[in-house]
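Undergrad: sharing a model that was predicted from the sequence below.
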Amino acid sequence: MPSTKRRIISVTHYIPYTCVLINDSTTPESVQQPNGKLANGNHSPDVSSPDTPAAPVSRLPECRRQASTTVHEDKTWKFKQRRGHSAMYSGIGSLQREWEYLHIGWTGAIYEDANGEVIPTKNLASEDKLSLTKALKDKGHIVPIFLDDAQSAGHYEGYCKSVLWPLFHYILWSDATDGRIESMNWSDYTAVNKHFTDAIVDNYQPGDI
């Protein structure tokens, strides 16, 4: 049996939940899948969004676009289990049975309850970020990372999807560029990685794994 004084820090791209900001007193037991609209075209795709590619060569079935999912609620937020990596999240979550545990990850797109629209990160009030941080800590020892929309897009769709994914899957690039787009995406990639690094450093305690 591991010592209870030891703690495991898990870091994933997304946290296990899609976050929906409640802006009225009505809190239904289930919520329809958000419509996945992207604000200003700068949001990275959320794996819980029905239009998200599972990989660059495939898309989720059309029939899943209107799926309904039970959510967990507090006074300000709804949390819906994120689809796409349930086995991974379940495995990580099982660590809590024997270890102290902390999960660090990006929030992904945050939705507004009233209309299902994505809330641009710059429009999310500081008090909302604080309340979400507290709610996620209380719910599952989760530390959310809030990313600039343009940076998250450059990191994920830009560098990860257009450079790293083809490289690691032995796919040749078909379009020659002058390198300027890749350079901008690289800047976004390193900036996002720094946000993750800072979150780990800020939460690390001696003895953490």
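TA: Structure received.

Undergrad: when you work out contacts or count neighbours from here on, use the C-alpha atoms and nothing else.
TA: Will do.

Undergrad: residue 195: what's it in contact with?
TA: 145, 147 (Cα atoms under 8 Å, 6 or more residues apart in numbering).

Undergrad: so where's the protein shaky on pLDDT?
TA: Within the chain, the stretches with pLDDT under 70 are 1-5, 24-75, 176.

Undergrad: mind naming the longest helix for it?
TA: Assignment by DSSP state H gives helix 180-203 as the longest helix of the chain.

Undergrad: next, the buried residues of it.
TA: 182, 185-189, 191-192, 195-196, 199-200 (16 or more other Cα atoms under 10 Å).

Undergrad: do stretch 105-114 as well
TA: Along stretch 105-114, these residues count as buried under the neighbour rule (16+ other Cα under 10 Å): 105-113.

Undergrad: possible to save those as JSON lines with secondary structure and distance to residue 138?
TA: Below are these laid out as JSON lines (DSSP: H, G, I helix; E, B strand; the rest coil; distance: Cα to Cα, whole Å):
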{"residue": "105", "secondary structure": "strand", "distance to residue 138": "15"}
{"residue": "106", "secondary structure": "strand", "distance to residue 138": "17"}
{"residue": "107", "secondary structure": "coil", "distance to residue 138": "16"}
{"residue": "108", "secondary structure": "coil", "distance to residue 138": "19"}
{"residue": "109", "secondary structure": "coil", "distance to residue 138": "21"}
{"residue": "110", "secondary structure": "coil", "distance to residue 138": "18"}
{"residue": "111", "secondary structure": "strand", "distance to residue 138": "20"}
{"residue": "112", "secondary structure": "strand", "distance to residue 138": "21"}
{"residue": "113", "secondary structure": "coil", "distance to residue 138": "21"}
